[in-house]
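S.K.: No letters, just coordinates:
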C-alpha cells in the first residue's frame, strides 16, 4: 500500500479518465487513486471498473447516485483516505488541467520540505495558465486577489484545486463545518488550514485548460465564491481554531 492517495472527482469524464489514471499510475513514485464518480451518464464509472482489473491494488472507486457537488465528493474521499490511513492526500482534476507529473513536486513539498498543505499554484511565479481566454485569466487572478483581501491569507492562488494535504491537516478539520460545495470549497479548505496555522506552501505549476470534455464552471459557482468569502470571514471571527483530532473524520460515508 502506498502512503499517497490522489482523489479525483468525476462527472462525465469518459474522454479523459483512462489517460489520467494511466499517467498517474506510471509515475516513478507510488501513488494510488480514488475516483469519486457522481453517477456519470457517459459511463465514466464503468470505465474505472474496467481499469480496476488491471490496477486492482492501486485504483479505487466510490460511486454516488447523482451529481452532488465537488466539495462533497472531496469530503467523501477525505473520509475514505483517513480511514485507510494514507499519509498524503491529493486533490486533482480529471481533465489534465493539472499535470500528473506535478504530483511529485507537491509530494516533495509535504514529505521533505515541511509543508502541511502544498498548493499547485498558477500565480506564485507570474501567470502560468495555458489556453484560457484572457477574460477568464483576469477574472481568476483578481478573484484570488479579492479572497486575499477579505480573508487575510497570503496565498497567491486561493482558488487552486491541485493540492497535497498531510493527513494531520484533514484530521484537524471538522468537515461538518465546511459549507461550500463548488468553487468556494477550495477557498474554505485553505482558509480553515490557514486559521489552524498549518504551514501552507505554493508550488508553481502550469495550468492547461481541458482539451476534451466540457467544463463544469458556471455563474452560480462564482457567485458562491463572491458572497461566500465574506460570510466565511465573518463566521471565523466568532470561532476558536484548535487542533483537535475529530473522530467523525475517520468514519466512512
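M.R.: Structure's in. What do you need? Keep in mind the model is a prediction, meaning the values are calculated, not measured. Numbers count the residues shown, from 1 in each chain.

S.K.: where are the low-confidence patches of the stretch 101-250 of the chain?
M.R.: The stretch 101-250 of the chain contains residues with pLDDT under 70 at 213-222, 244-250.

S.K.: same thing but at 80, please
M.R.: Per-residue confidence for the stretch 101-250 of the chain (pLDDT under 80) gives these ranges: 182-183, 210-226, 243-250.

S.K.: can you pull out the strands in it?
M.R.: 117-121, 129-130, 163-166, 200-204, 207-208 (DSSP state E, counting those that start in this stretch).

S.K.: Kindly give the local confidence score, pLDDT, for the most centrally placed residue in the chain.
M.R.: The centre of the chain sits closest to residue 91, judged by CA atoms, centre = their mean, with a distance of 3.2 Å. Residue 91 is assigned 98 on the pLDDT scale.

S.K.: need the helices for the stretch 101-250 of the chain, in chain order.
M.R.: 103-112, 134-151, 167-172, 183-195, 219-236 (DSSP state H, counting those that start in this stretch).

S.K.: could these be laid out in CSV, adding mean neighbour count and distance to residue 31?
M.R.: For the C-beta atoms, the positions are set from N, CA and C on the backbone; glycine is no exception. Listed next are the helices of the stretch 101-250 of the chain as CSV, based on neighbours: other CB atoms under 10 Å; distance: least, CB to CB, whole Å:
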stretch, mean neighbour count, distance to residue 31
helix 103-112, 19, 6
helix 134-151, 15, 27
helix 167-172, 20, 15
helix 183-195, 23, 20
helix 219-236, 15, 28
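
S.K.: Distance to residue 71 added to those helices, as CSV?
M.R.: Putting the helices of the stretch 101-250 of the chain into CSV (distance: least, CB to CB, whole Å) gives the following:
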stretch, distance to residue 71
helix 103-112, 20
helix 134-151, 16
helix 167-172, 14
helix 183-195, 3
helix 219-236, 10
